[in-house]
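> Kindly generate the corresponding structure for this input.
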Amino acid sequence: MHKIRIRATLFAMGIVLLLVGYFVYSILQDKKRVLDEKTQSHRELLRNAYELSVLDTEKGLNHFACKMMADHRIVDAFEAHDRDALYALAMPYFNDAHVRGDVDLTGFIHKDGFHFLRLTDPKKFGDNITKQRPMLAKAIRTREPLTSLDVTKYNLSLVSIIPVFKEEEFIGIIQVSAKIQRIQDRLNAHSAIRSALAFDTKALHQMLPNHQSKTYGSYSLISSNDSLFEQLPADYSFIDSLSYKIGNKTYIIASRELMTYAHKPLAKMIYALDITDDELAYEKEIRNVLLISLLLLSLLWIILHIGFKALINRIRTLSSQITQQLDDQLHMDSLTALPNRKALLENIQQKKHIAVLLLNINNFKEINDLYGHEIGDKILKEMANSIQVIIEEYSLKLYKMHSDEYALALSEYINVEQFDTMCQTILTRLHAINCEVDSITIFITFSMGADICFDKGCNLVGRADMALKTAKKKNLTFVKYHDSLHIKEEYQNNILWSKKLKDAINHNRFALYFQGIHEASTQRIFEYEALIRIMDEDGTVITPASFLDIAKKSRLYSHITEFVIRQIFKQLIATPHRYSINLSIDDILDPKIQTLLYELLAENSVGDRLIFELLEGEGIENYQEVLAFILRVKEYGCSIAIDDFGTGYSNFAHIMKLNVDFIKIDGSLIKRLDLDLSAQDIVRTIVEFAHRLNIKTVAEFVSTQDIYDECIELGIDYIQGYYLSKPKPMPL
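Coordinates of the predicted model:
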């Protein structure tokens, strides 16, 4: 036993060594990353510090120049060519700025380019150096402020040139400059950045043949504020931001091209930033990490040697608890504490269940909207408890599915008749319960879809879900899955037509057919109704009966409406005929469709030949929106027809409120008009009502001479149907 413990301890110690090694490695990497981040921040500092120093120097120059410009006596003396007065007035300003380190040189130059006064050399004047100093020439020519690095007679300097005006007359310029050393001093003072200037060696030798300086590549140092620039590696080549070890210190050294106002290179400035403290701190932290690691290893050896067994048991206990928590989270509904859908699917896969009953609370969204989600959650928990009580006598297990849905899974064999009885009994008992939540009595009803299968590999949940959707669709309380429901085929058909619709949209395979609407008395065509078709890949013409419902459910309907609208306006522009198009309530409420219609009606004066057929069968219940639409399009001369009148929400009050021009009597009445006396009575009532309101009537689906004759006898104004004309691609 002792040997086993030793071996186990040694094995564990090996693992600990690996873990500690990984721990140390991770810390070292982290420290290295911190050092790299600091180094990177230093590089950013090098990149930005120069700009800040230049801006600071430029600010001092401009402040000095503006103070002088604000003294009208200086401007007057400059204009009057009074050199002595100008010198006496400007020198106090110059001395003050020079002491602050803002300026080194200042000169007044007339608009003809001749120096009038140099404050640092007042005896020298009258020369014109604009040819040698293009920056001066540009400032005089443009009469605009100009700031840039430039090589003056005295030094490489930051030069700021300010135009001088008196009463809007240009009299010359003021040139103020600070030597490049000012910028270098600011770099060192503000950010501890040392710097040096380097010129192209060939150009330097042309200007100063005897100049001796340290050379790096094609550049030579001409000035520096630290001796370290004399110690740069011999192969230093001005590449961007590298670390260099010089003596016992480490520096980040970078270079920058100094450009003129015309973006021509003047020289290079080299920056150096001491990062030795960062590296020393890094090395110290590494030593501390190694020391702590050694102490940790020693302590772990003692702990492992003494309490290995207890440690392993504790780890096992914690692992078991965590695993159980994760398993609960994965397989349990957080609200009801019931096993969830994943748990159900796994149990079915393990062949623990032979049947599934899906229960869905009817109109639960409305309950949430009425009482709030907090009450809704309480209802879900209360119903879970109620269902649990109801199924106690059965071998059923309760699961919480998504949203407002529960599942009951059967684990013991029963025959089909017993299964049907059990389902009906559970539903009956559920519907007898009133849910009491926060002193509110809420009446809950359920829909149920169920499937029982004794074969292997049955998709119990999927088939029960199909049955539940069928129950919802047909407004039934219970549906049991059976192949005769053809639910799967319906889904496959929906997928097929969704793909066909998407393909027709992508490849523009929609077309309009037109069916004539005839005056009943003369059979002359009064208007054409536009009917949508899909031209399939094999040339088959597909009617809306096959795809219109799918288009609405798959949110593709608006694409079809937009196509119809655009095409019908092309027809209106190209032909003299009248046309009608169908609009659903969704079309009318769609801002995009409204905007398109109003724009086309405004752009084209064809509204008096356009009729909108509103689908009465869908239920015209948004009176304000629909009425606003009707009033708007009637401003353009359009007419309004109610389609399929006689079904759905058929209500004469609708017609009176909406101020329509035509009523199209539903085809289900017209088809049997020659045989059904009840249909004749209904149609006669509609026609008489319409004529009293001066509304014209249209009979749809007139397919025979007998139906046509009956329509004439009943006084219908217009006839539409195969008896007189069939839909065709283009009107004749």
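
> Now do the buried residues in stretch 342-358.
Buried residues in stretch 342-358, counting neighbours by 16 or more other CB atoms under 10 Å, are found at 343-344, 347-348, 353-358. C-beta: built from backbone N, CA, C; applies to glycine.

> How far does it stretch from one end to the other?
15 Å (CA to CA, to the nearest Å).

> Off-centre distance for stretch 566-585?
Offset of stretch 566-585 from its chain centre (CA atoms, centre = their mean, to the nearest Å): 37 Å.

> one step back: which members of the buried residues of stretch 342-358 are positioned in strands?
355-358 (DSSP state E).

> those strands in the stretch 51-200 of the chain, which residues are they?
Taking DSSP state E, counting those that start in this stretch as the test, the strands found in the stretch 51-200 of the chain are 105-110, 115-118, 146-151, 156-166, 169-179, 193-200.

> That should have said the stretch 201-350 of the chain, apologies.
Per DSSP E, counting those that start in this stretch, the stretch 201-350 of the chain carries strands over the ranges 215-216, 219-224, 242-246, 249-259, 265-274.

> Report the inter-axis angle for the second one versus strand 193-200.
Read that as strand 219-224. Angle between the axes of strand 219-224 and strand 193-200 is 140 degrees (criterion: axes from the mean of the first three to the mean of the last three CA atoms, to 10 degrees).

> For strand 219-224, name the packing helices and strands.
strand 193-200, helix 201-207, strand 265-274 (3 or more CB pairs under 8 Å, 6 or more residues apart in numbering; DSSP states H and E).

> which outside residues touch the first one?
Counting contacts by CB atoms under 8 Å, 6 or more residues apart in numbering, the residues outside strand 193-200 that touch it are 45-46, 49, 156, 180, 184, 187-188, 216, 218-226, 228-229, 238, 255, 267-273.

> List the buried residues for that strand?
193-199.

> want to throw the helices and strands packed on strand 219-224 into TSV with mean pLDDT and distance to Asp644?
Below are the helices and strands packed on strand 219-224 laid out as TSV (pLDDT from 0 to 100; distance: least, CB to CB, whole Å):
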stretch	mean pLDDT	distance to Asp644
strand 193-200	79	84
helix 201-207	68	92
strand 265-274	79	82
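
> about what we covered before: pick out the shakiest of the strands of the stretch 201-350 of the chain, pLDDT-wise.
Lowest mean pLDDT within the strands of the stretch 201-350 of the chain: strand 242-246, a mean of 74.

> Extract the C-alpha set from it and format it as PDB.
Taking C-alpha atoms only, strand 242-246 is exported to PDB below (Å, rounded to 0.1, in the frame of the first residue of the first chain):
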ATOM      1  CA  LEU A 242      13.900  48.500 -33.300                       C
ATOM      2  CA  SER A 243      15.500  47.700 -29.900                       C
ATOM      3  CA  TYR A 244      19.200  48.200 -29.600                       C
ATOM      4  CA  LYS A 245      21.500  47.300 -26.700                       C
ATOM      5  CA  ILE A 246      24.100  50.100 -26.200                       C
END
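
> Run a quick neighbour tally on the nearest residue to Phe510 once chain neighbours are set aside.
Using CB to CB, 6 or more residues apart in numbering and skipping the chain neighbours, the partner closest in space to Phe510 is Phe563 (5.0 Å). Neighbour count of Phe563, defined by other CB atoms under 10 Å: 17.

> Just confirm Phe563 contacts Ala511, I think it does.
No. With contact defined as CB atoms under 8 Å, Phe563 does not count as touching Ala511 (9.3 Å).

> what's the overlap in contacts for these two?
Overlap of the contact sets of Phe563 and Ala511 (by CB under 8 Å, 6+ apart) consists of Ile532.

> Asp274 is in contact with Tyr251, isn't it?
Yes. Counting by CB under 8 Å, Tyr251 is a contact partner of Asp274 at 5.7 Å.
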